[in-house]
Structures are given as C-alpha cells and as structure tokens.
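1. dropping a prediction and its sequence here:
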Amino acid sequence: MGHTILNKKFKFRSVFISDIHLGFHGCNADLLLSFLRHVECEYLYLVGDIIDIWSLKRKRYWPQNHNNVVRTILGKAKHDTKVIYVPGNHDELLKTYNDMVFGNITINTKHIHTTVNGKKYLITHGDEFDQVVKYSKWLAKVGSKLYDWLLSFNSLVTKVRNFFKLNHWSLSAFIKYRVKNAVSYIGSYEEALAYTAQKNDVDGIICGHIHHPEVSIIKNIEYCNCGDWVESCTALIEDFDGSIKLIEWGDLIEMQDQKKQDYVDGRTA
Ligand SMILES: [Mn+2]
C-alpha cells in the first residue's frame with residue numbers, strides 16, 4: 001500500500017523487531033515494509049516469531065507482501081546491515097540451527113548486544129519464561145530455585161509436546177484470553193525477564209513474545225519489549241548515543257496520513 005508520506009530516511013545504530021508472524025493472516029506486512037524501507041541501521045535484530053511456522057502448519061498462507069518483507073531483510077543483510085535472528089516459539093525449528101548463517105543472516109538462540117556506550121543487553125524472544133509465569137503465584141513464595149527449575153522444565157515440556165505433536169501453550173494467547181488477569185501476567189513476565197538479566201549481569205533485556213511494547217526500568221534493569229507487527233506495529237531502536245527507544249510506526253504513519261488528510265480536507269472545504 002502506498003505509505004509514501006515520509007520522504008525522510010531514519011538512521012539508527014540498531015533496530016530490534018519481533019513477532020512479525022509472516023505466514024499468518026494477521027501480519028501487518030505493509031506497515032512493516034514501509035518501516036524497513038525508511039530505516040537504515042548497522043544492526044538489525046529479529047527477536048523471534050518472525051516466520052509463523054505454527055500458523056503455516058494449520059493453513060498455507062504466503063502472500064506477495066510477505067515475500068517482500070523477506071526480500072527487504074535479505075537486501076539489508078547483503079549490504080551494510082548485520083542481521084541477527086534470535087528464534088522464538090512460532091519459529092523454534094530454527095533454534096536447532098544456532099550459529100548457522102543463512103544468506104548473511106546469523107541465527108543466535110541467545111545473544112548479548114553491546115551498545116555504542118558500552119551497555120550490555122541480553123536479547124531473547126522470551127517464550128522460555130512461559131512456565132515461570134504460569135506458576136508465578138507460588139514461585140514468589142518458593143523462590144529462585146524453583147524459578148531455575150521451571151526454566152529448564154519449559155524446554156522439557158516443549159520437547160514432550162513436539163514428540164506427541166501436542167498443541168503449544170502460548171502465553172501471549174493466554175494473556176489475550178484471560179483479559180481480566182492480563183495485567184498481572186504481563187507484570188510477572190516482565191519481572192522474570194528482569195531477574196534473568198540480573199543473573200546474566202547485563203544492563204538490560206530486549207525481548208518480545210507477549211505483543212506488549214514497552215521500555216521501562218524494573219529492578220534496575222532496562223526492560224525493553226519490541227511489541228509486534230500484528231497489532232502494535234512497533235520497533236525498538238538504539239540511537240547513536242546508545243539509548244534504546246520505542247518507535248510506534250503504526251501511530252506515526254497514521255499521524256502523517258491524518259495530516260495529509262487534513263490538508264486535503266482544508267483545500268476542498
Ligand atoms: Mn512468541
């Protein structure tokens with residue numbers, strides 16, 4: 001679609017996007033394409049759930065604009081952008097290819113990004129915290145031993161489910177379904193990630209998974225969630241001073257469209 005309103009190109013040191021869900025009909029590929037075409041960066045992180053293999057298994061869906069997203073990313077990787085793909089749960093198949101390079105895109109299941117001012121951020125999709133959040137009520141009482149155990153338990157659960165071809169338990173779907181408790185689940189998720197960042201001795205954590213964009217400080221840890229390209233259409237960027245910021249591309253485009261519309265209305269009125 002013709003989002004030609006912004007003539008400007010934005011330059012950032014790094015861009016972080018997650019939960020694109022290519023192959024799923026809800027993916028907002030047009031908005032993502034306009035974002036990718038307006039952005040230049042040295043590092044592009046794909047923070048999981050980029051290709052929705054679960055959805056493709058249910059229904060084969062792959063329109064042209066999903067191809068265009070892949071081509072645009074490969075084009076950046078071919079030129080001056082270092083592209084790192086950290087797989088999530090909807091594309092967990094890729095986790096078995098850790099450290100492999102496909103068309104200039106490196107697969108890394110766990111990655112630490114160092115900003116221009118020397119801060120360290122752990123980059124992870126965040127699905128491994130599903131079981132932690134599920135049992136967060138009594139986790140708070142029993143403490144961190146159980147937390148560690150649940151983290152390893154999560155991968156076991158995934159293996160067993162894959163073996164028996166069972167459906168996955170998805171935290172993001174669960175949060176959407178249990179609207180009343182959504183706030184408390186989001187809170188538990190954020191705390192679990194901040195705790196992991198502390199344990200890994202980093203300044204912050206960059207994640208996705210729950211489709212809830214945010215940049216905030218939790219327990220002295222910078223918690224940064226990319227959001228998604230199904231609903232929020234947001235990205236995280238690292239500026240040239242090293243600060244991590246949230247860009248609400250959907251809102252930005254809408255504002256520009258509105259300005260243009262106001263202009264047109266003004267002329268015709
Ligand atoms: Mn996910």
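-> Perfect, I can see it now. Every value quoted in this text rests on a predicted model; they were computed, and no experiment measured them. Numbering: from 1, shown residues only.
2. which residues in the stretch 101-250 of the chain form helices?
-> 130-134, 136-142, 144-163, 171-177, 182-199, 249-268 (DSSP state H, counting those that start in this stretch).
3. pick out the shakiest of those, pLDDT-wise.
-> The stretch with the lowest mean pLDDT among the helices of the stretch 101-250 of the chain is helix 136-142, at a mean of 56.
4. right, and residue 117 touches residue 241 too?
-> Yes - Residue 117 sits in contact with residue 241 when judged by Cβ atoms under 8 Å, with a separation of 6.8 Å. Backbone N, C-alpha and C define where each C-beta goes, glycine included.
5. list the residues that contact both of these two?
-> The contact sets of residue 117 and residue 241 do not overlap (Cβ atoms under 8 Å, 6 or more residues apart in numbering).
6. could you count how many residues lie near residue 249?
-> By other Cβ atoms under 10 Å, 23 other residues sit near residue 249.
7. correction: residue 114
-> Every residue meeting other Cβ under 10 Å relative to residue 114 is counted, giving 12.
8. touching, it and residue 43? I think so.
-> No - between residue 114 and residue 43 there is no contact under Cβ under 8 Å: 10.2 Å.
9. in stretch 28-39, which residues are buried?
-> Of all the residues in stretch 28-39, those buried under the rule 16 or more other Cβ atoms under 10 Å are 28, 29, 30, 31, 32, 33, 34, 35, 36, 38, 39.
10. tell me the contacts of the residue of the stretch 151-269 of the chain found nearest the ion?
-> Ranking the residues of the stretch 151-269 of the chain by distance to the ion (Cβ to the ion) places residue 209 first, at 4.0 Å. When the contact criterion is Cβ under 8 Å, 6+ apart, the partners of residue 209 are 18-19, 48-49, 88-89, 125-127, 129, 171-172, 189.
11. now the residues you listed as TSV including distance to residue 65 and neighbour count?
-> Compiled in TSV, these are given as follows (distance: Cβ to Cβ, whole Å; neighbours: other Cβ atoms under 10 Å):
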residue	distance to residue 65	neighbour count
18	19	30
19	17	30
48	21	29
49	18	30
88	21	28
89	24	23
125	23	28
126	26	31
127	26	26
129	31	27
171	28	24
172	23	23
189	31	25
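12. restrict the residues you listed to contacts with the ion.
-> With Cβ under 5 Å from the ion as the criterion, the members of the contacts of residue 209 in contact with the ion are 49, 88, 89, 127.
13. okay, and the first one sits in which element?
-> Okay, so that is residue 49. When elements are assigned from DSSP states H and E, residue 49 belongs to no helix and no strand.
14. how close does it sit to residue 241?
-> Taking Cβ to Cβ, to the nearest Å as the measure, residue 49 and residue 241 are separated by 29 Å.
15. what's the burial count for residue 52?
-> Other residues near residue 52 number 25, with proximity taken as other Cβ under 10 Å.
16. do I have it right that it meets residue 88?
-> No - contact status for residue 52 versus residue 88: not in contact, 9.5 Å apart, counting by Cβ under 8 Å.
17. the ion contacts on the stretch 101-250 of the chain?
-> Applying Cβ under 5 Å from the ion, we find that the stretch 101-250 of the chain lies next to the ion at 127, 209.
18. how about residue 127: what's its closest non-neighbour residue?
-> residue 89 (3.8 Å; Cβ to Cβ, 6 or more residues apart in numbering).
19. that neighbour against residue 129, yeah?
-> No - the pair residue 89 / residue 129 is not scored as a contact, 10.8 Å apart, by Cβ under 8 Å.
20. any idea how many residues pack against the closest residue in space to residue 250 that isn't next to it in sequence?
-> If you skip the residues right next to it in sequence, residue 250 has residue 233 as its closest partner in space, 3.3 Å away by Cβ to Cβ, 6+ apart. For residue 233, the neighbour count with other Cβ under 10 Å is 24.
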